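S.K.: Return a 3D structure for these sequence lines:
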Amino acid sequence: MKRLIICLYALFIVFPALSQENIAITHGPYLQHVGETGATIVWTTNKDAVSWVELAPDDNTHFYQEERPKFFAAPYGFKQIGKTHAVRLENLKLGTTYRYRVYSQEVLDYQGIHVTYGRVAATAIYRSRPLEFTTFDHTKKDVSFVVVNDIHGNNALLSSLLKTADYENADLIFFNGDMVNDLRSEQQMFDGFMDTAIQIFAKEKPMFYARGNHETRGVFANAFPQYFPSPDGKLYYLVRQGPVCFVVMDCGEDKPDSDIEYSGIVAFDAYRDAQKQWLEKALKEEMFVSAPIKVAIIHMPPFGGWHGELDVLKKFVPPLNEAGIDVMLCGHLHRYVTAEPNENVNFPVIVNANTTVVKAYTEGGKLFIKILNDKGATVDSFVFGK
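M.R.: Next comes the predicted model:
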């Protein structure tokens, strides 16, 4: 009887430990805000963990020929503990390819300086090549990019449009808003489009996001910046690759802040005011001024008559007019629309439909844009530049 009790006690202790789920990477990794000297790598785990990235040059050496430098998410001096991990890599060389591997070590208990660690999860490397990315270079002769928008959780359409646009040969890819109907949870966001993006390209190819009005909706909307973090925390920014400088803006919502749909919890008019002040300064930065080609990317176009569209026209267009924008790329309308320069907007506006994709590239100092449907047929084409 005593032996039976001991055996049952042992099973009581051991079985829960054996049945517990091991730490694992649940989504990602994926690239965010790749620049000339930095890049951010994001991923999630099923357990709270301390995470880091190991980085190696692309020099034909084995990844573990020597100990590689470790980069942690520790913005305030403490290594962050959680399930969402965003590691910023700095002091990189422009136009340089790097190999990387991500790690997460489970934190079982954290009491001040007393930390109990568990197992480690990492991306595969032994039977497959390390992941890699290449930093940007403003002296690069030419650049190619792809823009999709208004996917609203249609993963099959997203996959089809990316393949149609030959994403493999693009330098960067833009998501121009409304990739889902709303944001209700982390799982719904990844199921809606990000897992597909990660599987197809986002582990190794830079992806940039212009938030749409639907990404501002849902109980998980406030968490959006955690998964698409910029170095300065803003959702609007400049990106320079080769001869093109992209001005990426955050349109906010399309209705007045007082609309019943928002229940009194939004302040997008003031948000666009602050963005206007940033825009006026950003358009004077050297990386923009010196760019031969200038492209604005924003989800909502500066026309249509809704409040948000009118606010974009009122606040963002005047500084963009003065800055010499070559073209503005938008979405939102779920149909293909173009607008020639006029007395209010002195640059052309292309509104990509939800079933078409923008394929663009530079050559000979000009920007070539094709609008393709999901069957690969050309809907329209343009050439910009002197």
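
S.K.: can we go C-alpha only for contacts and neighbour counts from here?
M.R.: OK.

S.K.: export stretch 149-167 as PDB, just CAs?
M.R.: C-alpha atoms of stretch 149-167 as PDB (Å, rounded to 0.1, in the frame of the first residue of the first chain):
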ATOM      1  CA  ASN A 149      -4.700  47.000 -49.800                       C
ATOM      2  CA  ASP A 150      -8.300  46.300 -48.600                       C
ATOM      3  CA  ILE A 151      -7.700  42.500 -48.400                       C
ATOM      4  CA  HIS A 152     -10.100  42.200 -45.500                       C
ATOM      5  CA  GLY A 153      -8.900  38.800 -44.400                       C
ATOM      6  CA  ASN A 154      -9.000  37.200 -47.800                       C
ATOM      7  CA  ASN A 155      -5.800  35.200 -47.700                       C
ATOM      8  CA  ALA A 156      -6.300  33.500 -51.000                       C
ATOM      9  CA  LEU A 157      -6.600  36.900 -52.700                       C
ATOM     10  CA  LEU A 158      -3.500  38.200 -50.900                       C
ATOM     11  CA  SER A 159      -1.500  35.300 -52.000                       C
ATOM     12  CA  SER A 160      -2.700  35.600 -55.600                       C
ATOM     13  CA  LEU A 161      -2.000  39.300 -55.800                       C
ATOM     14  CA  LEU A 162       1.500  39.000 -54.400                       C
ATOM     15  CA  LYS A 163       2.400  36.200 -56.900                       C
ATOM     16  CA  THR A 164       0.900  38.200 -59.700                       C
ATOM     17  CA  ALA A 165       3.100  41.200 -58.900                       C
ATOM     18  CA  ASP A 166       6.200  39.000 -58.800                       C
ATOM     19  CA  TYR A 167       6.900  39.800 -55.100                       C
END
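
S.K.: Touching that stretch from outside, list them.
M.R.: Residues outside stretch 149-167 that contact it (CA atoms under 8 Å, 6 or more residues apart in numbering): 145-146, 148, 173, 175-181, 191-193, 196-197, 200-201, 299, 331-332, 334, 352-359, 372-376.

S.K.: ok, 6 Å please
M.R.: Stretch 149-167 is contacted from outside by 175-181, 192-193, 331, 354, 357, 359, 374, 376, using CA atoms under 6 Å, 6 or more residues apart in numbering.

S.K.: Need the worst-confidence member of those residues.
M.R.: Among the contacts of stretch 149-167, residue 374 carries the weakest pLDDT, at 89.

S.K.: With adjacent residues omitted, what lies nearest to that residue?
M.R.: Once flanking residues are discounted, residue 374 sits nearest to residue 161: 5.3 Å by CA to CA, 6 or more residues apart in numbering.

S.K.: Assign the one you found to helix, strand or coil.
M.R.: With DSSP: H, G, I helix; E, B strand; the rest coil as the basis, residue 161 sits in helix.

S.K.: what's the neighbour count on it?
M.R.: 27 (other CA atoms under 10 Å).

S.K.: ranges for the helices of the stretch 201-350 of the chain?
M.R.: Assigned by DSSP state H, counting those that start in this stretch, the stretch 201-350 of the chain shows helices spanning 224-227, 268-282, 286-289, 307-315, 317-323.
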